[in-house]
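J.: sequence unknown, structure follows:
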């Protein structure tokens, strides 16, 4: 399978991964043959890319770091949690704890954690999918930093609930397509305090998790909010979640911006190390996130085009690429795979939205 921009889908292509709607229902099952009406529906709900299968790429398997069921259930639990808070009900902490524990079991059972899968989410599904992604990314980083189970669980709870305060922010401000006014931005900046006020009423939620919710927008240079803390003054869990939060936000489509590619998001985080983020945490984070995930269409510095089929955890910028087109635009009859680790003079020059 490989990832392709929705604009280049054609009727007759085969969907490789199931697409779910914002309420969790299955919109299209993996294996379905795409019709023009299906493509238009995906466009309407704000999905910009998806995975397809061809005869030549059916053996390319893209594994998520957690099982599909645990991701699905966690997303639904966050959806229900936010609905409960909106309706003035208490958070069902038992369900939230179980969701985080299941995610953690998956990650701890994965010897070589490498985030390869780019989550496909509709624009109106962003909040719930984002919360789960930030939890997964934060836990991967915590594992890399040697956290024990107890610390990981508290980190995960804080991460998955980090945006709970946004339930009290008017949707027309949260989803405004244009630039926010100064007043609107100040309202947005209230969500960490609002979230903290919500969770501190629940005795079963650790104060460490609550601190993540309050301080995940603090920045290394002291220019974050709401407390203006800087450097090591910022709680370590919050420094982790800040990196995960920004990475997933950058790589997601929103009503007010288009997503950037994984390698671009990682470059941004590295550039902002010790300005906005803790550079050591950025390095731990980036060590387990593929800048060119499996299934990505790339152009090499030689002009050859192909699909990433494997990522070397020790050389993340040098994946194995299955070449389909040479620089003259002629398709190879027998696909050749090149391992860029063994070819130091060849680099990835561009990420493509389709095989040209």
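T.: Cool, got the structure. Keep in mind that this is a model prediction, so the values were computed, not measured. Numbering: from 1, shown residues only.
J.: can you give me the helices for the stretch 201-350 of the chain?
T.: With DSSP state H, counting those that start in this stretch as the criterion, the stretch 201-350 of the chain has helices at 207-215, 236-250, 262-271, 279-286.
J.: Which one of those lies nearest to residue 74?
T.: Closest approach to residue 74 among these is made by helix 236-250 (14.0 Å; C-beta to C-beta). (C-beta placed from N, C-alpha, C; glycine too.)
J.: where's that closest one relative to the chain centroid, distance-wise?
T.: 11 Å (C-alpha atoms, centre = their mean, to the nearest Å).
J.: ok, residue 266 to residue 318 distance?
T.: 14 Å (C-beta to C-beta, to the nearest Å).
J.: out of the two, which sits in the busier spot?
T.: residue 266 (22 against 19; other C-beta atoms under 10 Å).
J.: So that one is in contact with residue 291, correct?
T.: Yes. With contact defined as C-beta atoms under 8 Å, residue 266 reaches residue 291; the gap is 5.2 Å.
J.: Now do the contacts for the residue positioned nearest the centre of the chain.
T.: The residue lying closest to the centre of the chain (C-alpha atoms, centre = their mean) is residue 248, at 4.0 Å. Going by C-beta atoms under 8 Å, 6 or more residues apart in numbering, residue 248 touches 130, 133, 134, 137.
J.: again, but for residue 206
T.: 154, 157 are the contacts of residue 206 under C-beta under 8 Å, 6+ apart.
J.: cool, residue 161 as well?
T.: By C-beta under 8 Å, 6+ apart, the contact set of residue 161 is 81, 91, 96, 131, 195, 199, 205, 209, 212, 213.
J.: any idea which element the second one lies in?
T.: Assigned by DSSP states H and E, residue 91 falls within no helix or strand.
J.: can you pull the contacts of it?
T.: 81, 84, 85, 161, 164, 198, 199, 202, 205.
J.: mind checking how far it is from residue 99?
T.: Applying C-beta to C-beta to residue 91 and residue 99 gives a distance of 12 Å.
J.: Could you do residue 338 as well?
T.: Applying C-beta to C-beta to residue 338 and residue 99 gives a distance of 41 Å.
J.: Settle it for me: which of these two has more neighbours?
T.: residue 99 (24 against 17).
J.: so what's the more buried one up against?
T.: Taking C-beta under 8 Å, 6+ apart, one finds 70, 73, 74, 77, 78, 160 in contact with residue 99.
J.: let's go with 7 Å and repeat that
T.: Residue 99 makes contact with 73, 74, 77 under the criterion C-beta atoms under 7 Å, 6 or more residues apart in numbering.
J.: Over to residue 215?
T.: 192, 227, 229, 234, 235, 238.
J.: again, only using 8 Å
T.: So residue 215 contacts 192, 226, 227, 229, 234, 235, 238 (C-beta under 8 Å, 6+ apart).
J.: what does residue 239 give?
T.: Per C-beta under 8 Å, 6+ apart, neighbours of residue 239: 220, 277, 278, 281.
J.: where does the chain dip in pLDDT?
T.: 22-24, 117-125, 325-335, 356 (pLDDT under 70).
J.: Walk me through the domains of the chain.
T.: When the chain is parsed with automatic domain parsing, its domains come out as 2-53, 68-286, 297-352.
J.: from the contacts of residue 91, which two are the most distant?
T.: The two members of the contacts of residue 91 with the most space between them (C-beta to C-beta) are 84 and 205, at 13.9 Å.
J.: More neighbours: which of the two?
T.: residue 205 (21 against 14).
J.: still on that earlier bit, would you mind reformatting the contacts of residue 161 (as JSON lines) and adding columns for distance to residue 31 while you're at it?
T.: Formatted as JSON lines, the contacts of residue 161 follow (distance: C-beta to C-beta, whole Å):
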{"residue": "81", "distance to residue 31": "32"}
{"residue": "91", "distance to residue 31": "37"}
{"residue": "96", "distance to residue 31": "33"}
{"residue": "131", "distance to residue 31": "29"}
{"residue": "195", "distance to residue 31": "40"}
{"residue": "199", "distance to residue 31": "41"}
{"residue": "205", "distance to residue 31": "41"}
{"residue": "209", "distance to residue 31": "40"}
{"residue": "212", "distance to residue 31": "39"}
{"residue": "213", "distance to residue 31": "40"}
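J.: can you pick the most crowded of those?
T.: Result: residue 212 is most packed of the contacts of residue 161 (other C-beta under 10 Å), 31 neighbours.
J.: Who are the contact partners of that residue?
T.: 155, 158, 159, 161, 162, 235, 237, 238, 241.
J.: secondary structure element for the nearest residue to it once chain neighbours are set aside?
T.: Nearest non-adjacent residue to residue 212, counting by C-beta to C-beta, 6 or more residues apart in numbering: residue 158, 2.8 Å away. Assigned by DSSP H and E, residue 158 falls within helix 149-160.
J.: In terms of secondary structure, what does that helix contact?
T.: If contacts are counted by 3 or more C-beta pairs under 8 Å, 6 or more residues apart in numbering; DSSP states H and E, helix 149-160 sits against helix 93-108, helix 126-144, helix 207-215, helix 236-250.
J.: between the contacts of residue 212, which is closest to residue 176?
T.: Distances from residue 176 to those, taken by C-beta to C-beta, are shortest for residue 162, at 20.7 Å.
J.: Any idea how many residues pack against that closest one?
T.: 30.
J.: residues in contact with the residue lying closest to it once chain neighbours are set aside?
T.: Excluding its sequence neighbours, the residue lying closest to residue 162 (C-beta to C-beta, 6+ apart) is residue 216, at 5.0 Å. Contact partners of residue 216, counting by C-beta under 8 Å, 6+ apart, are 158, 162, 192, 238, 241, 242, 245.
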